[in-house]
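J.: need a 3D model of the following:
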Amino acid sequence: FRHFANKVGNLERPFLKDFFPRWVGSCGCPDLRMGFSYNKRKNIVELAVLRGCTSLQTSSTAVLDINPDTENRDGDSGYPGMMSIRVYELDGMYDHPILPMAGEAWQLLEIQCHSRLAARRFQKSKKGVKHDGSDDNGDVPSMDIRSSTESPLLWIRADPDMEYLAEVHFNQPVQMW
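T.: Purely as a prediction, here's the structure:
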């Protein structure tokens with residue numbers, strides 16, 4: 001593959017020089033484990049991220065002349081750029097390019113929500129029962145009111161444009177999938 005890539009990529013040789021040590025010779029692709037909680041008081045999403053690698057470093061680093069004490073260590077591996085987190089809220093969709101792919105393996109990020117939950121006032125029915133015993137509020141859908149009023153979030157996606165070849169494990173409630 002490397003021979004083929006060198007033949008095809010003659011114009012982009014500097015790109016190939018960086019590509020092989022980072023993606024082939026290091027610990028593989030990013031492996032992200034994420035979870036979140038919504039802070040109603042601050043109107044933010046707290047996102048916890050654990051970044052790892054899909055494979056452990058082996059003796060191939062010696063073959064490719066990579067120093068294992070550099071930024072490619074198992075716990076401190078880095079990938080270029082920032083990963084985008086897309087938050088779907090009641091008012092629309094918002095992209096937040098805030099997840100650095102280099103640095104600490106454990107990260108806690110705060111994402112500001114743009115939607116605010118209105119203080120929903122439930123109208124008390126004025127003598128809601130008719131004389132024949134039926135109820136005026138029969139057309140109200142029976143849904144879990146608590147789940148719809150706890151947060152303005154509909155769902156969250158990590159790397160929605162698939163810019164990284166990454167394995168993403170995202171823990172979120174079932175209704176958000």
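
J.: quick one, strands of this structure?
T.: 30-39, 44-53, 82-89, 92-100, 106-112, 153-158, 167-171 (DSSP state E).

J.: state the pLDDT value of residue 85.
T.: Looking at residue 85, its pLDDT stands at 92.

J.: residues touching the nearest residue to it once chain neighbours are set aside, list them.
T.: By the measure of CB to CB, 6 or more residues apart in numbering, the closest residue to residue 85 outside its immediate chain neighbours is residue 96, 4.8 Å from it. (Glycine included, C-beta is placed from N, CA and C.) When contacts are counted by CB atoms under 8 Å, 6 or more residues apart in numbering, residue 96 touches 84, 85, 86, 87, 111.

J.: before we move on, the earlier item: for the strands of the chain, which one sits closest to residue 24?
T.: Evaluated with CB to CB, the strands of the chain place strand 44-53 nearest to residue 24, the distance being 12.8 Å.

J.: thinking again about what came up before, mind putting the contacts of residue 96 in TSV, neighbour count and distance to residue 21 included?
T.: As requested, the contacts of residue 96 are exported to TSV (neighbours: other CB atoms under 10 Å; distance: CB to CB, whole Å):
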residue	neighbour count	distance to residue 21
84	17	25
85	24	28
86	16	30
87	23	34
111	19	32
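
J.: for the residues you listed, give me a markdown table that also has distance to residue 55.
T.: Converted to a markdown table, the contacts of residue 96 look like this (distance: CB to CB, whole Å):
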| residue | distance to residue 55 |
| --- | --- |
| 84 | 25 |
| 85 | 25 |
| 86 | 28 |
| 87 | 31 |
| 111 | 30 |
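
J.: quick one: low-confidence parts of the chain?
T.: Applying pLDDT under 70 to the chain flags the ranges 1-17, 23, 56-77, 118-149, 177.

J.: relative to residue 98, how far out is residue 172?
T.: 17 Å (CB to CB, to the nearest Å).

J.: hmm, who's touching stretch 81-88?
T.: Residues from elsewhere that reach stretch 81-88, judged by CB under 8 Å, 6+ apart: 32, 45, 47, 93-101, 109, 111, 113, 153-161, 163-164, 166.
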